[in-house]
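>>> Give me the fold of what follows.
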Amino acid sequence: MNSTIWLALALVLVLEGLGPMLYPRAWRRMIATLSQLPDNILRRFGGGLVVAGIVIYYMLRNTIG
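Numbering: from 1, shown residues only. Modelled structure (predicted):
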């Protein structure tokens, strides 16, 4: 696999781990609140994150080369 993908995965893991490591109570409340949301809201939120990630990827790919 391309080393860029591994670096991106490593960065995602670091960022995802910061919440529970630094603010465990707030993180737990956020997860509990998210689990109460209806499926269609979660799908929209997930879709928005995917679109944002793709846009950032293409912007960086065009900038970096």
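>>> quick one: the lengthiest helix in the chain to chain centroid distance?
Ordering each helix of the chain by length in residues (DSSP state H) puts helix 39-64 first. Centroid separation between helix 39-64 and its chain, computed with CA atoms, centre = their mean, to the nearest Å, is 9 Å.
>>> does residue 37 sit in a helix, a strand or a coil?
coil (DSSP: H, G, I helix; E, B strand; the rest coil).
>>> What is the neighbour count of it?
A count of nearby residues for residue 37, using other CB atoms under 10 Å, gives 12. C-beta: built from backbone N, CA, C; applies to glycine.
>>> Relative to residue 22, how far out is it?
24 Å (CB to CB, to the nearest Å).
>>> what is the mean pLDDT for the longest helix of the chain?
Helix 39-64 shows a mean pLDDT of 91.
>>> Span of stretch 15-29 from start to end?
For stretch 15-29, the first-to-last residue distance is 18 Å (CA to CA, to the nearest Å).
>>> What lies in contact with that stretch?
Here stretch 15-29 makes contact (CB atoms under 8 Å, 6 or more residues apart in numbering) with residue 30.
>>> Please compute how far that stretch lies from its chain's middle.
Using CA atoms, centre = their mean, the offset of stretch 15-29 from its chain centre is 13 Å.
>>> tell me which residues of it are tucked away?
For stretch 15-29, the buried set under the neighbour-count rule, 16 or more other CB atoms under 10 Å, is empty.
>>> now swap in stretch 48-57 and tell me
Under 16+ other CB under 10 Å, stretch 48-57 has no buried positions.
>>> For residue 44, grab the count of nearby residues.
Residue 44, neighbours per other CB under 10 Å, totals 12.
>>> Could you measure from it over to residue 64?
Taken as CB to CB, the span from residue 44 to residue 64 is 30 Å.
>>> ok, now residue 55?
15 Å.
>>> How about the contacts made by residue 45?
Here residue 45 is in contact with residue 37 (CB under 8 Å, 6+ apart).
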